[in-house]
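Participant: Need a 3D model of the following:
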Amino acid sequence: MPSDSVHYRILGSVEVWLGDARAAVARPRHRAVLGYLLLNAGRVVTVEALAEAMWGGAEPATARSQLQADVSAIRRAGDGRLALLSHSGGYLLQAGPDQVDHLRFGALKAGARELPPAERVARLREALALWRGPAFADASGAYVIGARRRLDEERLAAWEDLFDAELEVGRHREIVPELAGMARDEPTRERLWIALMLALHRCGRQADALAAGRELRRFLAGEHGLEPGQAFVAAERSILQSDGAAEGDRPAEAVPVVPAQLPPDIADFTGREREVAHLAGALAQDGTTRPIVTITGMGGVGKSTLAVHAAHRAAGAYPDGQLYARLHGTEAHPVEPGDVLARFLRALGVDERAIPIDLTARADAYRSRTAGRRVLVVLDDAADEAQIRPLLPGGTSCTALVTSRSGLDGLESAQRVQLGVFSDDEAVALLGRVAGAHQIDGEPGESAAILGLVGRLPLAVRIVGARLRSRPAWPMSRLTSALRDERRRLDHLVAGDLAVRTSIASSYHAIGEPGRRLARRLSLFAMPDFPSWLAAAVTGTPVAEAEDLLERLVDAHLLLDAGTDATGGGRYHFHDLVWLYLRERARDEEPDGGDGVLRTGLGAYLWFARKMSELIPGPCYAAVHGQAVETGVDGLGSTLDPLDWFAAERVSLLAATRQACDLGAIEVAFDLAGCLEKYFDIRGVYIDWRATNDLVLAACRDAGHVLGEAVMLRGLIELATWHEADHPGAAMERMLRDADRLFALFTEAGHGPGMADAAVDQAWALAAKGDYERAAERAEAAIRLAEQHEHLGGRARAHVARAVVYGESLALPEAEHHLGVALELARKLGNQRYVATTLQFIGVLNTRAGRRDPAITALNESLQILRRYQDRYAEVLTLLTLARAYLPAEPARGFASRALTIAREYNLPHHTADALGVLGEIELAEGNHAGAVGHLESSVRLWRERGWPAFLADALRKLGDAQMRTDPDGARRAFVEARATYERLGHTSSVAELDALISDLDRISRC
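Facilitator: Numbering: from 1, shown residues only. Got it, this is the predicted structure:
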């Protein structure tokens, strides 16, 4: 490097090079701050965005001053030579692709696409040579996991492109070893396996090629219960049908998920030729950087109609799919960007449980999925720039088309279409197409008068045209006369949507009082759609009678049919403007503005949710209900599957919970949220679980509702401890603090079963810390409380907790007794999922005691139950224990690898650490010391974050064993730390063993 140059690296450790000297950026957080600024090189990063990236929404009160100190430290390390500027409430790091390795990597990768194969190979190898290890390897920040995952996805895609190019130039023999290793390191990348099969086939090794295919099939079936994709099947079939090497073949691309979410195009779209032509040019796939295109204007001017029409015309230029979201920016509660990202990620093929919790990480995952693909994203009715920024796709190959009443002037480099009302010719043309040209042509004067009265606003023109079409016997003069009435004149829409309101009123008043009453009552619910039984609840009629009335509203165009849900029930929704009008009518015409009706409907959701929740097996928490009045519904059909019901009503239940909070109906809110928890748990819907409990917890605290606060905190403890890895500090320390708070809340509320649940959490956290005496006391207290209050599930949980305490302190016979009691209680309760959980711990105990056969029997029964419920999270512990039970036999590696895959996919830090430890043991048993050290070092690092000293000591002990041959000093350090931890825990036999090992190492070093 030139002596005066500055270069940055994040593809490995985070480094700054000043010429040929590496600057000393000493602290992990300094490196993390620098890494995030490098990810955004050339862009201003606000202090708020930087704090969000570093602490993931849990930033301390001193975050701003800490970040200022971090930036100052980075500047000092750079000896004043870094272009790191304070700018507009944030920081700007000026650096280009020639200075930053990840930018250089992206430029090389992108530039390789159009090169001939041989040059493409050289360019891609140059790009991949920039990688020195995992990105941000020595940085620590909330954003790191998501950013590392996104960059690693780009790295793997580059390897796939490279191998395709190598095959094109005929280097199949040379790449087989490298390709085989890469495919087995990344066993879910079907494209690598296809390339490997083709390379082997071209080498004349047809049997080996087919064997590789069988290897992938076994992995996908065993690990995920899946079959390979169409591209793999086609490649395998081609090899099977070939007599020899097929030199001209290339591996087919794996078939990606291609979303197609655009609403139907408007069949009678009219006018806007200039705007349509402009959008066609802006959306054309011409190889240039894709733009952001905005369509802005007043309500009812046709922004959404134009956007959907233009998107359909351009869809062919976006073969990787079209995403669509209605953002409800003009409503009181616009859609949260995180919710849209979750839906987009699901549409792009991401499993529900693999969707990150954190908004920044979710946006990173979304941009990684869209980078390099040609996707059109339509964001309809945006509130402002802040709402849509996280939703803008990654890379330069996608386009975002945004509609909004706001000007969105803050969007950089956006192409803008400002939409006004129709011209005279366009308004006449649309009126003719909707109402019938023969009618319009026959009375040109009357049509001009009507269009003048409605101000040529497209939505109003369409409404009056529809009215004329539905009344063919009317002369146009009749409608003209009606519109001249000031109370119904549609041209008030020029200043708003008064004319639309008046038009809707005509339909509203025509349907009779029963229909009007139902329409305005349903409009009170802020839900995207609703089931027919809600109509029955708010009218006090049987479901069949309510459905007849709903169909009358559909015929009157006051309600839209939204199809059939997973339970077979019908669903309905309002057009936005109709919904706004009807809510006004409800406020004016319903007693107390409709609050009573709203509470009745929310009570129906609560009644249904309680019934369904009772049918779902869960973690045996006490069912805690408030005093809210429930509303029963008459005339329901056959028994519903509870999981199907929750899936169908999930979005509506979340909206109902939010609306209950807004209404101050705290008893309804916390009860609804509590009913949702078992569904969230069994289906791994952690994003909604976190958001719902956080919302209701805040509402309960504001209202001073102690019991509701306790129920919400209980669920959040479960989430934060076992399902989330992006919280600062040791997980088990945090669990103890929260469990103490939980016990205090349930005690204040006088709720004994809840106190038992909290005591179990205290026992778990204390056992993890190694405070076995206090842990035993809390577990015994939990048993007494659960027995006193006849909390059968709590007794089962408390006995498991007592067994864990005994197991941690190596009192295995006592642990076995308590697990036997817990299993009997779980079976008596009929809770199969907790039966599976108890069997897991029985398997753990028998494995630790050296009783392999009973361990495997218990674990196989647990696995069968969990797979019946598709409970992937709970399945991981069973797989890990099976791996330990089989050690050192061959099945151990398969179980451990499968557990690691699930744990990483669903962001389960505890199980990830455990799986890495098991794989380290396997490598050590097979004599692969280097491989063992790699796994065990990662395991140790994670256990430090978990704050569970017994597991940390075990991992350190195994790490020392693995390092004894290659790094005696490292082994001694690991043994010394493990010994100190075991001594604190009172594990005297382990202390004695380590004393002997340390003594041996000291004697060898003296020799």
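
Participant: Could you pull up the residues touching residue 340?
Facilitator: Residues in contact with residue 340 (CB atoms under 8 Å, 6 or more residues apart in numbering) are 325, 327, 391. Quick note: C-beta positions are derived from backbone N, CA and C, even for glycine.

Participant: in which helix or strand would I find the nearest residue to the first one once chain neighbours are set aside?
Facilitator: Across the structure, with CB to CB, 6 or more residues apart in numbering as the measure, the residue nearest residue 325 apart from its sequence neighbours is residue 340 (4.7 Å). Residue 340 belongs to helix 337-347 when assigned by DSSP states H and E.

Participant: returning to what we had before: just checking, which of the contacts of residue 340 belong to strands?
Facilitator: Among the contacts of residue 340, the members falling in strands (DSSP state E) are residue 325.

Participant: Need the contact partners of stretch 739-753.
Facilitator: 622, 624, 706-707, 709-710, 713-714, 717, 754-755, 757-759, 761-762, 764-765, 785-786, 788-789, 791, 794.

Participant: From those residues, list the buried ones, please.
Facilitator: Neighbour counting by 16 or more other CB atoms under 10 Å classes 622, 624, 706-707, 709-710, 713-714, 717, 754-755, 757-759, 761-762, 764-765, 785-786, 789, 791, 794 among the contacts of stretch 739-753 as buried.

Participant: Make sure residue 944 is actually in contact with residue 952.
Facilitator: Yes. Counting by CB atoms under 8 Å, residue 944 does reach residue 952; the two are 6.3 Å apart.

Participant: what residue lies at the spatial centre of this structure?
Facilitator: Closest to where the C-alpha atoms of the chain average out (CA atoms, centre = their mean) is residue 355, at 2.5 Å.

Participant: Contacts only, for that residue.
Facilitator: Contacts of residue 355 by CB under 8 Å, 6+ apart are 341, 342, 345, 346, 362, 365, 687.

Participant: before we move on, what about residue 832?
Facilitator: 617, 865, 868, 869.

Participant: which of these lies closest to residue 78?
Facilitator: Using CB to CB, residue 869 comes nearest to residue 78 of the contacts of residue 832, at 54.2 Å.

Participant: Spit out the contact partners of that closest one.
Facilitator: By CB under 8 Å, 6+ apart, the contact set of residue 869 is 617, 682, 832, 833.

Participant: Dihedrals phi and psi, the third one?
Facilitator: Main-chain dihedrals, residue 832, degrees, to the nearest 10: phi -60, psi -30.

Participant: quick one: it and residue 640, what's the gap?
Facilitator: Counting by CB to CB, to the nearest Å, the separation of residue 832 from residue 640 is 19 Å.

Participant: same check, this time on the first one
Facilitator: For residue 617, the distance to residue 640 (CB to CB) stands at 17 Å.

Participant: Then the second one?
Facilitator: Residue 682 sits 16 Å away from residue 640, taking CB to CB as the criterion.

Participant: And the two? Which one has more around it.
Facilitator: residue 682 (22 against 19; other CB atoms under 10 Å).

Participant: Helix, strand or coil: sort out residue 782 for me.
Facilitator: When classified by DSSP: H, G, I helix; E, B strand; the rest coil, residue 782 comes out as helix.

Participant: Number of residues surrounding it?
Facilitator: Neighbours of residue 782 under the rule other CB under 10 Å: 28.

Participant: dump the residue contacts of it.
Facilitator: 756, 757, 759, 760, 763, 794, 797, 798, 801.

Participant: With residue 98 instead?
Facilitator: So residue 98 contacts residue 104 (CB under 8 Å, 6+ apart).

Participant: which SSE is it in?
Facilitator: If you go by DSSP H and E, residue 98 is not part of any helix or strand.

Participant: what does residue 690 give?
Facilitator: Assigned by DSSP H and E, residue 690 belongs to helix 686-703.

Participant: Pull out the buried residues from that helix.
Facilitator: Of the residues in helix 686-703, 686-693, 695-697, 699-700, 703 count as buried by neighbour count, 16+ other CB under 10 Å.

Participant: which of these lies closest to residue 176?
Facilitator: Of all those, residue 686 has the smallest distance to residue 176: 41.3 Å, by CB to CB.

Participant: which residues does the residue lying closest to the closest one once chain neighbours are set aside contact?
Facilitator: Leaving aside its sequence neighbours, residue 686 sits nearest to residue 723 (CB to CB, 6+ apart; 5.1 Å). Counting by CB under 8 Å, 6+ apart, residue 723 makes contact with 686, 873, 906, 907, 908.

Participant: same deal with residue 705?
Facilitator: Per CB under 8 Å, 6+ apart, neighbours of residue 705: 666, 667, 670, 699.

Participant: Tell me the secondary structure of residue 7, please.
Facilitator: Using three-state DSSP, the structure places residue 7 in strand.

Participant: looking at it, it is touching residue 99, isn't it?
Facilitator: Yes. In this structure, residue 7 is within contact of residue 99 by CB under 8 Å, at 5.4 Å.

Participant: quick revisit: between the contacts of residue 705, which is closest to residue 220?
Facilitator: Residue 220 has its nearest neighbour among the contacts of residue 705 in residue 670, at 42.2 Å by CB to CB.

Participant: How is the closest one assigned, secondary-structure-wise?
Facilitator: Going by three-state DSSP: residue 670 is helix.

Participant: How about residue 896?
Facilitator: Under three-state DSSP, residue 896 comes out as helix.

Participant: Could you give the average pLDDT over stretch 599-607?
Facilitator: Averaged over stretch 599-607, pLDDT sits at 95.

Participant: Run the chain-centre distance for that stretch.
Facilitator: Remark: stretch 599-607 is offset 29 Å from the chain centroid, using CA atoms, centre = their mean, to the nearest Å.

Participant: In PDB, could you pull the C-alpha coordinates for that stretch?
Facilitator: Provided in PDB are the C-alpha atoms of stretch 599-607 (Å, rounded to 0.1, in the frame of the first residue of the first chain):
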ATOM      1  CA  ARG A 599     -66.100  -3.800  23.900                       C
ATOM      2  CA  THR A 600     -68.700  -6.400  22.900                       C
ATOM      3  CA  GLY A 601     -66.800  -7.300  19.800                       C
ATOM      4  CA  LEU A 602     -63.500  -7.500  21.600                       C
ATOM      5  CA  GLY A 603     -65.200  -9.700  24.200                       C
ATOM      6  CA  ALA A 604     -66.200 -12.000  21.400                       C
ATOM      7  CA  TYR A 605     -62.500 -12.300  20.300                       C
ATOM      8  CA  LEU A 606     -61.600 -13.000  23.900                       C
ATOM      9  CA  TRP A 607     -64.300 -15.600  24.300                       C
END
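
Participant: Sweet, I'm off.
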